[in-house]
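In: Using only what follows, build the 3D model:
(one chain, ligands or ions: 3)
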Amino acid sequence: MVLHTMETAKATEVRPTRTLLDQLEDAGLLLRTGVDGLYIRTAAYQEVADGIDAMVSRWAATLHATRLHMPPLIPRTSFERTNYLESFPDLMGSVHVFAGGEVEHRQLLQRATRGHPWSELLQPSELMLEPAVCHGVYPLCARRPGSGPWLFDVSGHCFRSEPSKEPTRLQSFLMHEVVYVGEAAGAEAHRDMALDRGQALLESLGLEVAAVPASDPFFGRVGNVLAASQLDEQLKTELVAEVPGNSRPTALLSANYHRDHFGRSFGIETTVGELAHSACVGFGVDRIAIALLATQGLDPSRWAPSLRSLLRL
Ligand code: ATP
Ligand code: ZN
Ligand code: MG
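Out: Ligands and ions are numbered 1, 2, ... in the order given. Just a heads-up that it's a prediction; the model follows:
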């Protein structure tokens, strides 16, 4: 009788549907590493991501933006000038290195071979993991007072400590930003123009996006106040899309007007000696790639020729 019940249960058991991440792995696009939000990209996946990256750069080149490729790390001294420590401590990551001698090395190996914690024997280095690629350009502007306005086309891998089962929320992901630093009016105009152009680029790929006012996930109780005022002043707009399998609409691009926040913290002067204002429009290259794969199909060789040609596939 017991056996019969078990067999019935087995026969009617609904096989859990494959998640988007399962499907991306089955299709040979992303490979799990064992850590949520950290995936290995295959050539088939990377071709799509590179196509998106290059498309953004072709547009930025028409604006005569300076193309820069950011390392995935930022000097700790620069990091301290951004608002990350105050506002997003839960997302940041630090690089620690071994700086001991032979005695400390033996201790390290002993702990590791016994399966004991060993990373506390490492020392903080002068590097932090880069959380947003625009952070790398402000020190460059500060070094050349009065020579702006500056326009950068900048991309690189970012880190955020936000492990998730949704493959569109990664801990290590490619961000591509077009960043203006200069007068207040120029920054606002850049934000508006780049948001429009970004929307047109995403729509040309067949993605349905909606522009929504947004706020950053500022930490703690003070953070709630900061987020409310960011919304109030309409400083951040996201272009969101429905990605099959995701619980909420997903931001594929964000447009931000920082006022003189970075100008003040990095000491950036405009041509007339005022504090610079800045604005950035950030494309989430991996998110756009995954949104395309989730909506157009997991085999890019079968995508519409018009889409393939836009991405130069
Ligand atoms: P979200 O609200 O989804 O957390 P965000 O507001 O933190 O996004 P930004 O800080 O504005 O995003 O970053 C610029 C772009 O980088 C986003 O529009 C998104 O496309 C992409 N992005 C942000 N966080 C991630 C992540 N964890 N994984 C992949 N892409 C991301
Ligand atoms: Zn930015
Ligand atoms: Mg976020």
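In: By mean pLDDT, flag the weakest helix or strand of the chain.
Out: Every helix and strand in the chain was compared by mean pLDDT, DSSP states H and E; the lowest is helix 2-12, with a mean of 49.
In: Tell me the helix or strand right after that helix.
Out: helix 20-26 (DSSP states H and E).
In: buried set for the helix or strand that that next one is followed by?
Out: Counting by DSSP H and E, the element after helix 20-26 in chain order, helix or strand, is strand 30-32. Neighbour-count burial for strand 30-32, counted by 16 or more other C-beta atoms under 10 Å, picks out Leu30. For every residue, glycine as well, the C-beta is placed using N, CA and C.
In: Whatever helix or strand comes next after strand 30-32 vs ligand 1: in contact?
Out: Using DSSP H and E, the helix or strand that follows strand 30-32 in sequence is strand 39-41. No: with C-beta under 6 Å from any ligand atom as the criterion, ligand 1 is not reached by strand 39-41; the gap is at least 10.7 Å.
In: So which elements touch strand 39-41?
Out: strand 30-32 (3 or more C-beta pairs under 8 Å, 6 or more residues apart in numbering; DSSP states H and E).
In: Just give me how far the strand it packs on sits from the chain centre.
Out: Here strand 30-32 shows a centroid-to-chain-centroid distance of 18 Å under the convention C-alpha atoms, centre = their mean, to the nearest Å.
In: Kindly report the same for stretch 82-90.
Out: 16 Å.
In: which bits of this protein sit near ligand 2?
Out: Ala132, Cys134, Glu177, Cys280 (C-beta under 5 Å from the ion).
In: how about the helices in the stretch 151-300 of the chain?
Out: 184-204, 220-232, 261-266, 285-296 (DSSP state H, counting those that start in this stretch).
In: tell me the most buried of those helices?
Out: Among the helices of the stretch 151-300 of the chain, helix 285-296 has the highest mean neighbour count (mean count of other C-beta atoms under 10 Å), at a mean of 24.
In: now the following helix or strand past it: how far from the chain's centre is it?
Out: Counting by DSSP H and E, the element after helix 285-296 in chain order, helix or strand, is helix 305-310. Mean C-alpha position of helix 305-310 versus that of the full chain (C-alpha atoms, centre = their mean) differs by 25 Å.
In: go on, stretch 177-196?
Out: Going by C-alpha atoms, centre = their mean, where stretch 177-196 is centred and where its chain is centred differ by 19 Å.
In: Check stretch 222-240 too.
Out: 18 Å.
In: Span of that stretch from start to end?
Out: One end of stretch 222-240 sits 26 Å from the other (C-alpha to C-alpha, to the nearest Å).
In: that older thread, which member of the residues of the chain next to ligand 2 is positioned nearest Ser265?
Out: Of all the residues of the chain next to ligand 2, Cys134 has the smallest distance to Ser265: 12.7 Å, by C-beta to C-beta.
In: didn't that closest one look like it was pressed against Gly282?
Out: Yes: with contact defined as C-beta atoms under 8 Å, Cys134 reaches Gly282; the gap is 7.2 Å.
In: Which residues of the stretch 1-150 of the chain lie near ligand 1?
Out: Going by C-beta under 6 Å from any ligand atom, the residues of the stretch 1-150 of the chain near ligand 1 are Ala132.
In: Now the stretch 1-150 of the chain against ligand 1: closest residue?
Out: Ala132 (5.8 Å; C-beta to the nearest ligand atom).
In: In contact with that residue, which residues?
Out: Thr82, Cys158, Met175, Glu177, Cys280, Gly282 (C-beta atoms under 8 Å, 6 or more residues apart in numbering).
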